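J.: could you work out the structure for the sequence below:
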Amino acid sequence: LQLDRTETAVNNLNPAFAKKFIIDYHFEEVQKLKFALFDQDKSSTQLYEHDFLGEFSCTLGTIVSSKKITRTLLLGNGKPAGKGMITIAAQELSDNRVITLSMAGRKLDKKDLFGKSDPFLEFYKPGDDGKWMLVHRTEVIKYTLDPVWKPFTVPLVSLCDGDMEKLIKVVCYDYDSDGGHDFIGEFQTSVARLCEAQDASPLELECINPKKQKKKKNYKNSGIIIVKSCKITRDFSFLDYILGGCQLMFTVGIDFTASNGNPQEPSSLHYINPLGTNEYLSAIWAVGQIIQDYDSDKMFPALGFGAQLPPDWKVSHEFAINFNPRNPFCSGVEGIVQAYSACLPHIRFYGPTNFSPIINHVARFAAQATQQETASQYFILLIITDGVISDMDETRHAVVQASKLPMSIIIVGVGNADFAAMEFLDGDSRVLHSHTGEEAVRDIVQFVPFRNFRNVPKETLAKAVLAELPQQVVQYFKHQNLPPINSEPA
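T.: Model (predicted):
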């Protein structure tokens, strides 16, 4: 499917194309792209009429995680097309600036016969039809002519379409419970003018009632609206952090407990069928093939738990499945799959099902990363398991501690066991507490039972498993007040 074309650069071997391609970005999907270059020979729009110079294929995730990539152009057979190279850069289009305003009033007109006014403000911008469009309404402050409203934050695009010079209108009313609010006064200004307000020197604007202004010769105003402070900041998105250079560090934890069954027998959850797969492998592929685009070296630790290991057959709850504890890294998802298949004949499935050692293992690395005090790394632990957790108290404690770190945990339940405890760890419906009563700072666990996805495309599993991850990443870095590494000031 052809998405779009650039303009033609005439007689140029090193063209820089002005045309931009606009693409919707979905983290939880593998979005494949192909860039093909042609030498225009005729005025025809048919591609086969022109000379093919080479092409390059990748995922949108690869471009986004590098911000800019340069690669060799290839022929259809995968061989280099001469010396040709292609450079592709990505940037987010949306304006992520937000404006925070602290407003107050002084000596506003009295509108109630037997008391003071109940003032509130409304902010308007000009709509496409030329009419004023309501953008924000403050709360009502009761019985006062000198109100102080709570600070509020709105997207800059909402308030002025991102145009600091655009005129906006602010209207002050006296609240009436029957909805017939009394008009106190109004003024027009721009965000650029509002930004002149500083904490030390607030900006004062006259609130004018045009009818009173016409009638009364000595009319000055209907009170003063004070802009106590105005700050514009950026509300960073997941894409901002990834484009800023944040790497997603992926670790897999695999359950090798006896309840999985003997891997030689077809009834076992670890049995690799004639197609070369099982539910463990399907889960690794579904999640790994998306996350691997966001890690530049694509080297992933793969750990096992609940098995007895040679030579002394001691039980381990955090062993490298490549049997190299100093270097448990596998190259890409393919490397994890190979190490998994190779280790199955050499271990004995045992028990119990302890999660906390592997969670604490990844948490140690996440804790080290926080010492840099930058938004450079976020850790994702995928645990694939067939059953009930044995060390629930320790696991709850480990998750609560990990919720303070740049880390998320994805649990995929395989087989047909009762996964009630897993649902409990996934704090979607309530905050998780450790056995000592300590609350999780944020929800970092996403649990998905594989059986719900057996007969659907594997992309559907990836979407369900990874849907919450972008907001978990943003939530952590915002909570720590960490902007993207290469962010521009607002």
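J.: just the buried residues of the strand or helix carrying Ile225, please?
T.: According to DSSP states H and E, Ile225 maps onto strand 224-234. By 16 or more other Cβ atoms under 10 Å, the buried positions in strand 224-234 come out as Ile224, Ile225, Ile226, Val227, Lys228, Ser229, Cys230, Lys231, Arg234. In short, each C-beta sits where N, CA and C put it, glycine included.
J.: so the last one sits against Val98, correct?
T.: Read it as Arg234. Yes: applying Cβ atoms under 8 Å, one finds Arg234 in contact with Val98, separated by 7.4 Å.
J.: follow-up on the earlier one: what packs against the strand holding Ile225?
T.: Secondary-structure packing of strand 224-234 (3 or more Cβ pairs under 8 Å, 6 or more residues apart in numbering; DSSP states H and E): strand 97-106, helix 191-194, strand 203-206.
J.: nearest to Glu165, out of those?
T.: helix 191-194 (5.6 Å; Cβ to Cβ).
J.: what is the closest one packed up against?
T.: strand 97-106, helix 156-160, strand 224-234.
J.: centre of the chain to the shortest one, how far?
T.: In terms of Cα atoms, centre = their mean, to the nearest Å, the centre of helix 156-160 is set 22 Å apart from its chain centre.
J.: rounded mean pLDDT for that helix, please.
T.: For helix 156-160, mean pLDDT rounds to 94.
J.: neighbouring contacts of it?
T.: 95, 97-99, 123, 125, 135-136, 162, 166, 168, 190-191, 232 (Cβ atoms under 8 Å, 6 or more residues apart in numbering).
J.: at 6 Å what do you get?
T.: Asp95, Arg97, Ile99, Lys125, Val135, Gly162, Lys166, Ile168, Val191 (Cβ atoms under 6 Å, 6 or more residues apart in numbering).
J.: tell me the contacts of the fourth one?
T.: For Lys125, the contacting residues are Met133, Val135, Cys160, Ile168, by Cβ under 6 Å, 6+ apart.
J.: how much space between it and Ser94?
T.: 18 Å (Cβ to Cβ, to the nearest Å).
J.: that older thread, can you lay out the helices and strands packed on helix 191-194 as TSV showing distance to Gly288?
T.: Shown next, in TSV, are those (distance: least, Cβ to Cβ, whole Å):
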stretch	distance to Gly288
strand 97-106	35
helix 156-160	36
strand 224-234	31
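J.: just put the helices and strands packed on strand 224-234 in a markdown table and tack on mean pLDDT.
T.: A markdown table is the format used below for the helices and strands packed on strand 224-234 (pLDDT from 0 to 100):
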| stretch | mean pLDDT |
| --- | --- |
| strand 97-106 | 96 |
| helix 191-194 | 97 |
| strand 203-206 | 98 |
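J.: figure out which of the ones you listed is closest to Tyr143.
T.: Comparing these by Cβ to Cβ, strand 97-106 comes nearest, at 13.1 Å.
J.: tell me the buried residues in the closest one?
T.: For strand 97-106, the neighbour count (16+ other Cβ under 10 Å) marks Arg97, Val98, Ile99, Leu101, Ser102, Met103, Ala104, Gly105 as buried.
J.: could you verify my assumption that Ser356 touches Asp391?
T.: Yes: contact criterion Cβ atoms under 6 Å: Ser356 and Asp391 qualify, at 5.2 Å.
J.: quick check: domain ranges of this structure?
T.: What automatic domain parsing lists as the domains of the chain is 1-91, 97-234, 239-479.
J.: picking up where we left off before, just put the buried residues of strand 97-106 in a markdown table and tack on distance to Phe256.
T.: Listed next are these as a markdown table, based on distance: Cβ to Cβ, whole Å:
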| residue | distance to Phe256 |
| --- | --- |
| Arg97 | 50 |
| Val98 | 48 |
| Ile99 | 54 |
| Leu101 | 57 |
| Ser102 | 58 |
| Met103 | 61 |
| Ala104 | 64 |
| Gly105 | 68 |
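J.: show me where the stretch 151-300 of the chain has strands.
T.: Under the criterion DSSP state E, counting those that start in this stretch, strands of the stretch 151-300 of the chain are mapped to 152-155, 167-174, 182-190, 203-206, 224-234, 247-255, 299-305.
J.: can I get those in CSV including distance to Val140?
T.: Shown next, in CSV, are these (distance: least, Cβ to Cβ, whole Å):
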stretch, distance to Val140
strand 152-155, 14
strand 167-174, 9
strand 182-190, 12
strand 203-206, 20
strand 224-234, 15
strand 247-255, 46
strand 299-305, 55
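J.: that's a helix at Val64, yeah?
T.: Yes: Val64 sits within a helix when classified using DSSP: H, G, I helix; E, B strand; the rest coil.
J.: how much space between it and Gly244?
T.: On the measure of Cβ to Cβ, Val64 and Gly244 end up 11 Å apart.
J.: got the domains of the chain as TSV, with distance to Glu488 columns?
T.: Below are the domains of the chain laid out as TSV (distance: least, Cβ to Cβ, whole Å):
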stretch	distance to Glu488
domain 1-91	11
domain 97-234	8
domain 239-479	10
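J.: okay, those domains, which one's buried deepest?
T.: Stretch with highest mean neighbour count among those: domain 239-479 (a mean of 19; mean count of other Cβ atoms under 10 Å).
J.: between the two ends of it, how far is it?
T.: Domain 239-479 has an end-to-end distance of 17 Å (Cα to Cα, to the nearest Å).
J.: average pLDDT for it, rounded please.
T.: 94.
J.: ranges for the strands of the stretch 1-150 of the chain?
T.: So, for the stretch 1-150 of the chain - with DSSP E, counting those that start in this stretch - the strands run 32-39, 51-59, 68-74, 80-89, 97-106, 119-126, 132-137.
J.: would you list every one of the helices in the protein?
T.: For the chain, the helices defined by DSSP state H occupy 60-66, 156-160, 191-194, 210-215, 238-243, 279-291, 332-343, 356-370, 392-402, 420-425, 458-466, 469-479.
J.: contact partners of the last one?
T.: Residues from elsewhere that reach helix 469-479 (Cβ under 6 Å, 6+ apart): Phe27, Phe238, Ala375, Tyr378, Pro406, Ser408, Arg442.
J.: picking up where we left off before, and the helices of the chain: which comes nearest Gly253?
T.: Comparing these by Cβ to Cβ, helix 356-370 comes nearest, at 4.2 Å.
J.: can you give the contact residues for the closest one?
T.: Contacts for helix 356-370 (Cβ under 6 Å, 6+ apart): 251, 253, 303, 305, 317-318, 377, 379, 381, 391, 394-395, 398, 402, 405-407.
J.: now with 7 Å, please.
T.: Contacts to helix 356-370, defined as Cβ atoms under 7 Å, 6 or more residues apart in numbering, come from residues 251, 253, 303, 305, 317-318, 377, 379, 381, 383, 391, 394-395, 398-399, 401-402, 405-407, 409.
J.: tell me the residue furthest from the middle of the chain?
T.: The centre of the chain is farthest from one residue, Lys217, which by Cα atoms, centre = their mean lies 57.9 Å away.
J.: before we move on, the earlier item: may I see the strands of the stretch 1-150 of the chain arranged in CSV, with distance to Thr370 as well?
T.: Shown next, in CSV, are the strands of the stretch 1-150 of the chain (distance: least, Cβ to Cβ, whole Å):
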stretch, distance to Thr370
strand 32-39, 34
strand 51-59, 29
strand 68-74, 28
strand 80-89, 30
strand 97-106, 26
strand 119-126, 39
strand 132-137, 36
